[in-house]
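show me how the following folds:
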Amino acid sequence: MYELSAKNDRLKNRGYRGEIEISVKRAGADMEICIKDSGSGFEEGMKAQIDKMLLHYNKQEAKLDGNSIGILNVQKRIKYLCGRKYGLSYEENSAGGVTARLLLPINKEEAS
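Reported below is the predicted structural model:
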C-alpha cells in the first residue's frame with residue numbers, strides 16, 4: 001500500500017479556520033483519495049440525504065437548487081466509467097468535520 005498525505009492551512013486567508021488533509025492510498029488495483037476537514041460537519045439530516053442520493057445515483061435527476069448537483073454528477077460519471085464498486089462517499093469525523101472518499105481504479109481497463 002502506498003500512501004501520500006498533505007496538510008494545508010492556507011485556507012485561513014479565505015475565511016476557513018479549520019485544517020484540510022488530503023491523502024492518497026493505493027491498495028492493489030484501487031486508489032482511494034480522501035479529503036478530510038476539521039469543520040463543523042454536516043447539518044442535521046444532510047448526511048442521510050447525501051448517502052441516499054449517492055446510493056441511488058442512477059435514479060436521481062440532477063436538480064439545480066442546492067449544492068448536490070456536483071456530487072451527483074461526479075458519482076454518475078465514476079460509476080458509469082469505472083464500475084459500480086467505485087465512487088464517492090462521505091463520513092463524519094469523530095473529532096468534527098467530514099471526510100470525502102473517492103475510490104477509483106488505477107487502471108480503467110481492469111475496472112468492472
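
which residues of this structure fall in strands?
Taking DSSP state E, the strands of the chain run over residues 2-8, 20-27, 30-37, 87-92, 98-105.

direction included, what does the second one pair against?
Strand 20-27 sits in its sheet next to strand 2-8 (antiparallel), strand 30-37 (antiparallel), going by DSSP bridges.

mean pLDDT lowest where, among these?
If those are sorted by mean pLDDT, strand 2-8 sits at the bottom with a mean of 56.

so where is the chain shaky, pLDDT-wise?
1-17, 60-68, 108-112 (pLDDT under 70).

alpha carbons only: can I get stretch 91-102 in PDB?
This file holds the C-alpha atoms of stretch 91-102, laid out as PDB (Å, rounded to 0.1, in the frame of the first residue of the first chain):
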ATOM      1  CA  GLU A  91     -18.300  10.100   6.600                       C
ATOM      2  CA  GLU A  92     -18.300  12.300   9.700                       C
ATOM      3  CA  ASN A  93     -15.100  12.500  11.600                       C
ATOM      4  CA  SER A  94     -15.200  11.700  15.300                       C
ATOM      5  CA  ALA A  95     -13.400  14.900  16.200                       C
ATOM      6  CA  GLY A  96     -15.600  17.000  13.900                       C
ATOM      7  CA  GLY A  97     -15.600  17.700  10.200                       C
ATOM      8  CA  VAL A  98     -16.200  15.500   7.200                       C
ATOM      9  CA  THR A  99     -14.100  13.100   5.100                       C
ATOM     10  CA  ALA A 100     -14.900  12.700   1.400                       C
ATOM     11  CA  ARG A 101     -13.600   9.500  -0.100                       C
ATOM     12  CA  LEU A 102     -13.200   8.800  -3.800                       C
END
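
residue nearest the centroid of this structure?
Nearest to the geometric centre of the chain sits residue 100, at 3.1 Å (C-alpha atoms, centre = their mean).

and residue 40, what does it touch?
96-97 (C-beta atoms under 8 Å, 6 or more residues apart in numbering). The way it works is simple: take the backbone N, C-alpha and C, and place the C-beta from them, glycine included.

one step back: identify whichever of the strands of the chain lies nearest to residue 44.
strand 87-92 (12.0 Å; C-beta to C-beta).

which of the residues in the closest one are buried?
In terms of neighbour count (16 or more other C-beta atoms under 10 Å), strand 87-92 has its buried residues at 87-88, 90.
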